[in-house]
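Peer 1: Using only what follows, build the 3D model:
(chains A and B)
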Amino acid sequence: MNLFADALSWITDGSHWGGPGGIDHRIVQHLLVTFAAVAVAAVLALPLGILIGHTGRGRLVVVALAGAVRAVPTLGLLTLLGLALGIGLQAPLLALVALAFPSLLAGAYAGVESADRGAVDAARAVGMSEWQLVTRVEVPLGAEVILGGIRAATLQVVATATLAAYISDTGLGRYLFSGLKSRQYDEMLAGALLVAVLALVLDLTLAALQRASRPTTGKVLS
Amino acid sequence: MGIEFRDVGKTYPDGTVAVTGFSCTVPSHRTLALVGTSGSGKTTLMRMVNRMVEPTTGTVLIDERDVLGLDKVELRRSIGYVPQAGGLLPHRRVVDNVATVPVLTGTPRGAARDAALALLERVGLDPALGRRYPAQLSGGQQQRVAVARALAADPNILLMDEPFGAVDPIVRRGLQDQLLQLQAELGKTIVLVTHDIDEAFRLGDEVVILRTGGIVAQAGTPKEIVAAPADDFVRDFIGADRADRALRTVDIDGRSVVVDGDGRPVGVLE
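Peer 2: Predicted coordinates:
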């Protein structure tokens, strides 16, 4: 409990704020790394997932591949990439992209597949092009599930972005690694607490977004 | 506009034969009812008209033109389609569902909505329902909306896939009456799929009874089929031996009263 109080006072210590190594600066870095990784993964995974959901093709192959990627330990991947790419942000970014990919992909195809098949078939039969089907029917109807994938991926990445500090001086993970090394456990716990709070705030924000994305259908929600 | 099926067949990649050697012509402004049990290929045949299914052999022609030579999306927009159980877009208001095709083809949204409200009235719905979402309507009302959507682009052809199958018999009767009245006014060329022989006889000018694999058991007007069922399959399918089809008259106080096979009176012969 004492350690916990120490960590809190470490966080509230004004000298730990401001400047290049300050908490505020590192929070921004941590968020930027998180958003960059999720954004890059989303650019790759969402169109692929939507395509799979729309056509129903390639599902088995891609799901198996995504499952394999999911099984790769991020720390191991990071070490491997770090050895190949050297010190810097590239290796952790790539590792985080790999981490975010499966959740985003699963959300995208599950969302598109969840759109009412009768409505999709009828929309095609009255003359919507495949593109119109995707943008006007399947994605709006699957938005909540697709955003669920983004939410899960963001939560994983924001927590794991701590590892970025493993081979680069970036983000809140720095407090954990330096605290561990120098036995400054208040600093270490403070870093962990900050990451946890950041993850919670992001998750709650995305949960609100997810609720807002639910299509209006006039149905009474249970 | 006439529709012609010329020796059409459909075999799915897994080897399932849905239809074999089907030929039939639907003259303009007439209604063809395709009727059969499930697996008889009736829906497959209907969906060939708007290329939702493409035949593996033979050709489907609209006004002498092979549909395979036409642009899929353009073709579908030019044909009204009423699917089974509504198939409305759950996230769009009723009025926007009806206006779907005109909006796709470039009609300004406001004008398309005004036309949609008028169409709701035409199919017997209060235009005030236009503001609701499909889930807030009863099954019968949703089917009326689906009919209105099919009519929105003023197509010459209507395709209807068991349009009234999912509603109760009384509502179904009302919807059938509505369709007959609309058809009397509009004179569309209609291909209707149903498993209900009474519906086929009621709505179809021509009826084609299909057996498994899309083989024609009998084709003709309802009168021709009732008068001379081709074989036992057709007799059984139309219920020719059912008590309520085996009518005879009995003389009661000088009037010819029609009774069914069980002797129950059904009406008076004028």
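Peer 1: in the stretch 1-150 of chain B, what spans have low per-residue confidence?
Peer 2: Applying pLDDT under 70 to the stretch 1-150 of chain B flags the ranges B:1, B:86.
Peer 1: of all the residues in it, which ones are close to chain A?
Peer 2: Contact residues (Cβ under 8 Å from any Cβ of the partner chain) of the stretch 1-150 of chain B with chain A: B:47, B:50, B:52, B:73-78, B:81, B:83-91, B:100-101, B:104, B:132-136, B:146, B:149-150. In short, each C-beta sits where N, CA and C put it, glycine included.
Peer 1: Any idea how many residues pack against residue 54?
Peer 2: Since no chain was named, I'll use chain A. 20 (other Cβ atoms under 10 Å in any protein chain shown).
Peer 1: looking at chain B here, not the other one
Peer 2: B:Glu54 has 12 neighbours, counted by other Cβ under 10 Å.
Peer 1: which bits of chain A sit near chain B?
Peer 2: So far as Cβ under 8 Å from any Cβ goes, chain A lies against chain B at A:116, A:118-119, A:121-129, A:132, A:137, A:140-141, A:215-219.
Peer 1: Any of those buried? List them.
Peer 2: Neighbour-count burial (16 or more other Cβ atoms under 10 Å in any protein chain shown) applied to those gives A:116, A:119, A:121-128, A:132, A:137, A:140-141, A:215, A:217.
Peer 1: Between all of these, which two are separated the most?
Peer 2: Distances among those were taken as Cβ to Cβ; the most separated pair is A:Gly127 and A:Thr217, at 22.6 Å.
Peer 1: Can you check the pLDDT for the one residue sitting closest to the centre of chain A?
Peer 2: Of all residues in chain A, the one closest to the mean position by Cα atoms, centre = their mean is A:Thr154, 2.0 Å from it. pLDDT, A:Thr154: 96.
Peer 1: now the one 10 residues further on
Peer 2: A:Ala164 is assigned a pLDDT of 86 by the prediction.
Peer 1: mind listing what B:Gly36 touches?
Peer 2: By Cβ atoms under 8 Å, 6 or more residues apart in numbering or on different chains, the contact list for B:Gly36 reads B:42, B:195, B:209-212, B:217.
Peer 1: other SSEs contacting the helix or strand harbouring A:Leu204?
Peer 2: Here A:Leu204, judged by DSSP states H and E, is contained in helix A:185-213. If you count contacts as 3 or more Cβ pairs under 8 Å, 6 or more residues apart in numbering or on different chains; DSSP states H and E, helix A:185-213 packs onto helix A:2-12, helix A:23-55, helix A:139-160, helix A:173-181.
Peer 1: What are the buried residues along the second one?
Peer 2: Right, the one you point to is helix A:23-55. Result for helix A:23-55 [16+ other Cβ under 10 Å]: buried residues A:23, A:26-27, A:29-31, A:33-38, A:40-42, A:45-46, A:48-54.
Peer 1: now swap in stretch A:3-16 and tell me
Peer 2: A:6-7, A:10-11, A:16.
Peer 1: So which of these is the closest to chain B?
Peer 2: Distances from chain B to the buried residues of stretch A:3-16, taken as Cβ to the nearest Cβ, are shortest for A:Ile11 (44.7 Å).
Peer 1: What separation do you get for the nearest residue to the closest one once chain neighbours are set aside and A:Pro92?
Peer 2: Closest residue to A:Ile11 apart from its sequence neighbours, by Cβ to Cβ, 6 or more residues apart in numbering or on different chains: A:Ala190 at 4.9 Å. Going from A:Ala190 to A:Pro92 by Cβ to Cβ, to the nearest Å gives 21 Å.
Peer 1: Also A:Ser103?
Peer 2: Taken as Cβ to Cβ, the span from A:Ser103 to A:Pro92 is 18 Å.
Peer 1: mind listing what the residue nearest the centre of chain B touches?
Peer 2: Centroid-nearest residue in chain B: B:Leu192, 2.1 Å away (criterion: Cα atoms, centre = their mean). Listed by Cβ under 8 Å, 6+ apart, the contact set of B:Leu192 reads B:31-34, B:46, B:160, B:163, B:200, B:203-204.
Peer 1: Mind checking which of the residues you listed are in helices?
Peer 2: B:46, B:200, B:203 (DSSP state H).
Peer 1: count of neighbours near the last one?
Peer 2: It refers to B:Leu203. 23.
Peer 1: now do the second one
Peer 2: Counted with other Cβ under 10 Å, the burial measure for B:Ala200 works out to 26 neighbours.
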